[in-house]
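Peer 1: pasted the sequence and its predicted model underneath.
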Amino acid sequence: MATIDDIAKKLHVSKGTVSKALNGAPDIGETMRKSILEAAVEMGYTKPLRRNDSPQFCIFVDGMKYEKPGDFGYDIIIGFRKMAEPAGCKVVLQQLDTQFREENPSYDGFMLEHNFIGALFLDLHLSDPWLNQLHTSRTPAVLLDNYVKQNPTTTYIGTDNNEAMYLVVEHLKNLGHQKIGYLSGTPNAYVNRERYDAFFRALQQHGLPANIKQGSKSELLIENLRTDFPRLLNEGVTAIMCSHDLLANALMIHCHDLGIRIPEDLSIVGFDDLPICDYTIPPMTTIRQDRSQIGKSAYYALSSLANGICISTLLLHPKLICRQSTGRVPPHPPALDFP
């Protein structure tokens with residue numbers, strides 16, 4: 001393991017300068033500070049914990065709502081804190097906004113400078129520059145619904161999408177549905193790609209038609225509703241699985257406006273089991289993710305990584321919650337005049 005002395009020799013500066021830079025002293029210039037941090041990261045330097053220091057974890061949030069009960073990220077963060085704080089660890093939340101990214105281009109550098117021993121990432125998109133850095137980073141990181149190959153310091157955590165889609169297709173098949181469609185959000189999210197592929201695998205496993213025309217991946221909600229949905233109806237689907245609850249709710253409202261009855265004319269299924277699912281019209285059939293358990297498991301995975309235990313993937317079992325948005329296959333698919 002590299003030492004402060006090793007970093008000082010490499011950069012031809014004093015050990016005091018290196019120590020000040022690593023600890024955020026104000027009398028070190030920004031250029032020097034960045035050079036020292038970059039060298040420390042490159043050499044694999046890790047700050048030793050002082051006797052009275054508490055281990056610190058950082059939870060990075062990029063766009064996901066988490067501020068109040070009912071928000072998707074709220075229970076995950078609470079679950080993580082319920083495990084971390086009684087164990088004597090400090091948990092810090094950090095929004096990955098534009099200003100933060102401009103000030104902190106390096107993941108390892110930020111973690112080293114602020115003495116974090118690991119991070120939980122919520123809602124990190126595939127185009128995020130930090131996601132690319134995580135392929136070679138040395139600081140432990142747990143990623144919700146994101147997978148980084150061949151880096152023993154990262155763990156993918158989430159709900160088993162293959163099992164979830166199997167449960168949904170089995171449920172709809174038992175109701176008589178033979179042709180099932182799929183609406184997905186942005187393809188710039190790893191989890192959306194995973195669920196999309198898992199859906200078509202589930203169709204094949206159940207011996208149902210699995211034509212690519214039965215699915216869609218759109219960046220914008222308006223494209224899902226105005227372009228993809230009419231196309232799926234023209235394909236003759238009698239049920240639609242959505243990649244998340246908010247999309248499913250928007251689709252149900254859109255169907256109501258068009259005079260399509262749920263579930264008499266069309267069955268709709270969501271994913272996540274947000275609190276809204278009990279109050280949609282009708283109440284929504286969906287896949288439940290135990291978000292509190294995801295948070296607790298994230299702490300388990302992150303503390304394991306910090307202790308040198310390499311966990312690649314940690315998946316929780318999903319649960320199908322049957323409500324009134326799914327029903328028996330209709331005698332005839334919705335007969336609307338779509339171009």
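Peer 2: Structure received.

Peer 1: drop to CA atoms for contacts and neighbour counts, all remaining ones
Peer 2: Noted.

Peer 1: show me where the stretch 1-150 of the chain has helices.
Peer 2: Taking DSSP state H, counting those that start in this stretch, the helices of the stretch 1-150 of the chain run over residues 4-11, 15-22, 30-43, 72-84, 98-103, 107-113, 129-133.

Peer 1: could you give the angle of the third one to helix 4-11?
Peer 2: Yep, that's helix 30-43 we're talking about. Relative orientation of helix 30-43 and helix 4-11, computed by axes from the mean of the first three to the mean of the last three C-alpha atoms, to 10 degrees: 110 degrees.

Peer 1: from the chain's centroid, how far away is helix 30-43?
Peer 2: 31 Å (C-alpha atoms, centre = their mean, to the nearest Å).

Peer 1: if we can go back for a sec, of all the helices of the stretch 1-150 of the chain, which one is nearest Ser243?
Peer 2: For the helices of the stretch 1-150 of the chain, proximity to Ser243 was assessed by C-alpha to C-alpha; helix 72-84 is nearest, at 14.2 Å.

Peer 1: return the distance of that closest one from the chain's centre.
Peer 2: Here the centre of helix 72-84 is set off from its chain's centre by 14 Å, with C-alpha atoms, centre = their mean.

Peer 1: mind listing residues that contact it?
Peer 2: Where contact means C-alpha atoms under 8 Å, 6 or more residues apart in numbering, the residues beyond helix 72-84 that reach it are 59, 64-69, 90-91, 122, 274, 291-299.

Peer 1: PyMOL command to pick out the buried ones of those residues?
Peer 2: A single PyMOL command selects the buried members of the contacts of helix 72-84 (16 or more other C-alpha atoms under 10 Å):
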select buried, resi 59+66+90+91+122+274+291+292+293+294+295+296+297+298+299
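
Peer 1: which of the contacts of helix 72-84 fall within strands?
Peer 2: Ile59, Lys90, Val91, Leu122 (DSSP state E).

Peer 1: surely the third one meets Glu85?
Peer 2: Pointing back at Val91 there. Yes. Look at Val91 against Glu85 with C-alpha atoms under 8 Å: they come within range, at 7.3 Å.

Peer 1: got the domain boundaries for the protein?
Peer 2: Following automatic domain parsing, one gets these domains for the chain: 4-159+293-316, 161-288.

Peer 1: which one of those lies nearest to Arg328?
Peer 2: Each of those has some distance to Arg328 by C-alpha to C-alpha; the shortest is domain 161-288, at 4.7 Å.

Peer 1: and the closest one, how far apart are its ends?
Peer 2: Using C-alpha to C-alpha, to the nearest Å, one end of domain 161-288 lies 11 Å from the other.

Peer 1: same check on stretch 316-323?
Peer 2: End-to-end distance (C-alpha to C-alpha), stretch 316-323: 22 Å.
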